[in-house]
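>>> pasting the structure only:
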């Protein structure tokens, strides 16, 4: 596993790459899944967003409400819509 940013990590599992983004409390807030060699700034990611109440996860939402590999990892906190 290699560091991709302050709170982001990347891993290769099951022929996909996975990006993880954590908040300041070490709660995972985003998981991204893509095919190997997909850059973070191009469409090709399935992204899941988690929200918390204290330490309890309360929601898990998919980018665009689907499991398609068609989102941009770098846009996960700005322009991606979760449903």
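That came through, no problem. On a predicted model such as this, the values are computed, not experimentally measured, just so you know.
>>> immediately after the longest strand along the chain, which helix or strand?
The longest strand of the chain (DSSP state E) is strand 43-53. Counting by DSSP states H and E, the next helix or strand C-terminal to strand 43-53 is strand 56-62.
>>> quick check: mean pLDDT across the helix or strand following that next one?
Later in the chain than strand 56-62, the nearest helix or strand by DSSP H and E is strand 71-72. The predicted model assigns strand 71-72 a mean pLDDT of 98.
>>> Give me the contacts around strand 71-72.
With CB atoms under 8 Å, 6 or more residues apart in numbering as the test, strand 71-72 has contacts from 32, 40-47, 63-64, 79-80. To be clear about C-beta, it is placed using only N, CA and C from the backbone, and glycine gets the same treatment.
>>> Switch these over to CSV; also include pLDDT.
Converted to CSV, the contacts of strand 71-72 look like this (pLDDT from 0 to 100):
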residue, pLDDT
32, 97
40, 97
41, 97
42, 98
43, 98
44, 98
45, 98
46, 97
47, 98
63, 97
64, 96
79, 94
80, 94
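>>> which of these has the most neighbours?
With neighbours taken as other CB atoms under 10 Å, the top of these is residue 45, carrying 28 neighbours.
>>> In contact with that one, which residues?
Applying CB under 8 Å, 6+ apart, the residues near residue 45 are 19, 32, 33, 34, 38, 63, 69, 70, 71, 72, 73, 76.
>>> Now the residue lying farthest from the centre of the chain, what are its backbone angles?
Relative to the centre of the chain, the most outlying C-alpha is that of residue 54, 20.4 Å out, by CA atoms, centre = their mean. With angles defined as degrees, to the nearest 10, residue 54 sits at phi 70, psi -120.
>>> if we can go back for a sec, kindly reformat the contacts of residue 45 as JSON lines containing distance to residue 26.
Below are those laid out as JSON lines (distance: CB to CB, whole Å):
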{"residue": "19", "distance to residue 26": "16"}
{"residue": "32", "distance to residue 26": "18"}
{"residue": "33", "distance to residue 26": "21"}
{"residue": "34", "distance to residue 26": "23"}
{"residue": "38", "distance to residue 26": "26"}
{"residue": "63", "distance to residue 26": "22"}
{"residue": "69", "distance to residue 26": "27"}
{"residue": "70", "distance to residue 26": "29"}
{"residue": "71", "distance to residue 26": "24"}
{"residue": "72", "distance to residue 26": "25"}
{"residue": "73", "distance to residue 26": "20"}
{"residue": "76", "distance to residue 26": "18"}
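>>> Lovely, talk soon.
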